[in-house]
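Asker: Fold the following and give me the result.
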Amino acid sequence: MKVIAVVVTYNRLELLQRTVACLQGQTRPLDEILVVNNGSTDGTADWLAAQDGLHIITQGNTGGSGGFHSGIREAFIREADWIWCMDDDVFPRPDCLEQLLRHTDDVPNTGILAPRRLLEGRIFTNDFRALNLTNPFASMYRKKLKGQVVNAPVDICGTAFEGLCISKECVAEIGLPNRDLFIFCDDTDYCIRAVQARYRIRYIPDALMDKHRFFSQDTWVERQRKKKWKRFYQVRNATYLNHRYGRNRAVRHLRGLNTALGYMLIALLTAPFTQAYQWSDIRRFWRAYRDGVKERLGIYQ
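Answerer: Numbers count the residues shown, from 1 in each chain. Okay, here's the model as predicted:
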């Protein structure tokens with residue numbers, strides 16, 4: 001069994017170094033470690049060039065989705081049986097891969113294995129066990145694992161690109177992540193495609209992975225201003241998912257609109273008093289919603 005790890009990184013050299021060290025210390029050694037450098041400018045390229053035993057893809061910043069598109073494609077070309085994907089801010093414990101691979105044949109049609117992520121020792125999860133594609137006024141994500149006691153492997157419908165391990169058969173059938181999403185919802189989209197192709201996604205609680213906590217001293221206004229560009233992708237891509245997979249017109253059009261209107265209201269109420277949002281952002285959120293409905297994906301400046 002050939003296993004290749006794919007790590008996508010952008011301007012987080014210290015975190016990347018820790019992630020790579022964790023991968024190199026696995027009790028079940030990896031056959032290859034593939035790092036996708038999304039145009040980092042913080043010395044990452046120089047550090048990677050000095051490392052032995054890493055396969056490196058250097059490209060412009062195509063976001064997480066573009067990074068995983070390139071990495072999974074290369075791992076598939078290199079004939080990996082399983083492709084272990086993660087960002088540069090998660091750190092698999094020494095036996096994480098070993099624990100995942102124990103369950104490749106537990107049930108038929110296993111296509112994706114997902115670890116348990118921990119944040120400062122506490123379970124951190126946005127994994128979910130069911131999809132809501134019919135009620136526009138409720139979340140798409142149902143039966144979230146958050147708050148549940150899960151001590152044995154279970155089937156789920158969605159997980160994040162933070163440690164999921166994908167079989168070559170699954171990749172061969174459903175293809176690569178949608179690189180045009182850039183950031184947000186690319187993992188959910190990939191999981192939906194896997195489930196629709198009748199592959200099973202298994203959550204493995206004994207496979208542990210620690211997630212880095214980011215601390216910020218910024219005020220609310222500063223945080224919102226810095227993250228604002230992400231909100232447009234969040235609105236557009238969530239709308240795209242609902243439009244593409246929703247089973248009625250209400251889900252395809254209304255659920256994304258609810259999200260867009262929420263951000264438009266925030267912009268309307270805060271623009272006169274803070275620098276977090278501007279009046280022009282109301283129009284940009286509307287554009288994000290419209291682009292999602294039209295499934296028109298591009299880069300927001």
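
Asker: give me the element Asp187 is part of.
Answerer: Using DSSP states H and E, Asp187 sits within helix 186-196.

Asker: Check which helices and strands that helix sits against.
Answerer: On a contact count with 3 or more CB pairs under 8 Å, 6 or more residues apart in numbering; DSSP states H and E, helix 186-196 meets helix 63-77, strand 110-119, helix 168-174, strand 200-211, helix 220-245. Where C-beta positions appear, they are placed from N, C-alpha and C, glycine not excepted.

Asker: Tell me which of the ones you listed lies nearest to Cys22.
Answerer: Nearest of those to Cys22, taken as CB to CB: strand 200-211 at 8.6 Å.

Asker: what pairs with the closest one, and is each one parallel or antiparallel?
Answerer: Using DSSP bridges, strand 200-211 pairs in its sheet with strand 90-92 (antiparallel), strand 110-119 (parallel), strand 154-156 (antiparallel).

Asker: Show me the shaky parts of the stretch 151-300 of the chain.
Answerer: Residues of the stretch 151-300 of the chain that meet the criterion pLDDT under 70 lie in 216-217, 220.

Asker: Which residue ranges of the stretch 1-150 of the chain form strands?
Answerer: Assigned by DSSP state E, counting those that start in this stretch, the strands in the stretch 1-150 of the chain fall at 3-9, 32-38, 54-59, 82-87, 90-92, 110-119, 122-124, 128-131, 141-144.

Asker: For Arg284, which of those strands is the nearest?
Answerer: strand 32-38 (23.7 Å).

Asker: and the angle from that closest one to helix 63-77?
Answerer: Counting by axes from the mean of the first three to the mean of the last three CA atoms, to 10 degrees, strand 32-38 lies at 150 degrees to helix 63-77.

Asker: ok so, going back, the strands of the stretch 1-150 of the chain: lowest mean pLDDT?
Answerer: Per-stretch mean pLDDT for these is lowest at strand 122-124 (a mean of 86).

Asker: Tell me what Val35 is bridged to.
Answerer: Val7, Ile56.

Asker: That one reaches Leu13, doesn't it?
Answerer: No: assessed by CB atoms under 8 Å, Val35 is found out of contact with Leu13, at 11.4 Å.

Asker: Compare these two (neighbour count), which wins?
Answerer: Legend: neighbour count by other CB atoms under 10 Å for Val35 and Leu13, higher for Val35 (24 against 17).

Asker: contacting residues for the more buried one?
Answerer: Val35 makes contacts with 7, 9, 16, 20, 48, 54-57, as judged by CB atoms under 8 Å, 6 or more residues apart in numbering.

Asker: Just the buried residues of those.
Answerer: With burial judged by 16 or more other CB atoms under 10 Å, the buried subset of those is 7, 9, 16, 20, 48, 54-55, 57.
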